[in-house]
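**Student:** let's see this in three dimensions:
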Amino acid sequence: MVLCCRMKYTVRSAVPGDTAAVNRICFLTLDNNDERYREIAGLHWAIPYLRYELEHCFVAVNEDNEPVGYILSSPDTNYFRKQFRHRMKKEIVRAFRKKRKEFSIGLYFREYFESTRYVDTLPRALEKEYPAHLHINILPGFQGQGLGVMLMDVLKKHLIEIGCPGIHLGVGRENTGAIRFYEKTGFKLLKKHPFRIFYYGIKLKSTE
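**Tutor:** The predicted structure is shown next:
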């Protein structure tokens, strides 16, 4: 379903056939494009949404209907967190084992522990006000063209329609460009995590 269109780009609902493209975008927008994480990144940050939360996921596509960006979401973070390990652990463990020799022992177990759990969370009190969470990424060559705003607007409208009161996200405090974008689109700082993560959120209100 096409939900937004601007010039040569369109935002539409994600479909299972977008999985490979979304995984590619997920990897290419990592901070360091470390090849060790090519499969692991997708299993942690993309696959769970496309597989279990597809109706809450959207992609920005070019004229050839090829995804160049995405916004992935779950309207119930608490449920998503509880299910994450059960749903994804086996696949993530297999992906890590393939790369075992490429990690130091310390890094391997630290990354293994973090990747097999969903830990990007708010305090419970805040999570009740902002129960949804999102991940948004756009390929570098397509940034700065308004696609992020298009994706965010589509997701906000969708969450309002299903009665979600608020949404949050986590961002590294050194990622000043992303922070400016989130603040531009209405997000407010909710909490500073001791491990250099800032949590932002926005209340969602119907315009009706």
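
**Student:** okay, CA-based contacts and neighbour counts for the rest of this
**Tutor:** Will do.

**Student:** next SSE downstream of the helix or strand of the chain with the lowest mean pLDDT?
**Tutor:** With mean pLDDT, DSSP states H and E as the measure, the helix or strand of the chain carrying the lowest mean pLDDT is strand 2-6 (a mean of 63). Sequence-wise, the next helix or strand downstream of strand 2-6 (DSSP states H and E) is strand 9-13.

**Student:** who does the residue nearest the centre of the chain form a beta bridge with?
**Tutor:** The structure's the chain has its C-alpha centroid closest to residue 135; by Cα atoms, centre = their mean the separation is 1.7 Å. For residue 135, the beta-bridge partners under DSSP bridges are residue 72.

**Student:** give me the pLDDT for it.
**Tutor:** Confidence at residue 135, expressed as pLDDT, is 96.

**Student:** which residues does it contact?
**Tutor:** Residue 135 makes contact with 45, 71, 72, 73, 169, according to Cα atoms under 8 Å, 6 or more residues apart in numbering.

**Student:** the host helix or strand of residue 200 pairs with which strands, and in what direction?
**Tutor:** If you go by DSSP H and E, residue 200 is part of strand 197-203. Next to strand 197-203 in the sheet, as set by DSSP bridges, lie strand 166-172 (antiparallel), strand 188-192 (antiparallel).

**Student:** tell me which of the ones you listed is the most buried.
**Tutor:** strand 166-172 (a mean of 22; mean count of other Cα atoms under 10 Å).

**Student:** what's the following helix or strand after that strand?
**Tutor:** The first helix or strand that comes after strand 166-172 along the chain, using DSSP H and E, is helix 176-184.

**Student:** mind listing what's buried along that following helix?
**Tutor:** 179, 182 (16 or more other Cα atoms under 10 Å).

**Student:** over to stretch 36-45?
**Tutor:** Quick answer for stretch 36-45 (16+ other Cα under 10 Å): 37, 38, 39, 40, 41, 42, 43, 44, 45.

**Student:** contact partners for the second one?
**Tutor:** Meaning residue 38. Residue 38 neighbours (Cα under 8 Å, 6+ apart): residue 27.

**Student:** and the first one, by the same measure?
**Tutor:** With contacts taken as Cα under 8 Å, 6+ apart, residue 37 has the following neighbours: residue 27.

**Student:** thanks a lot, catch you later.
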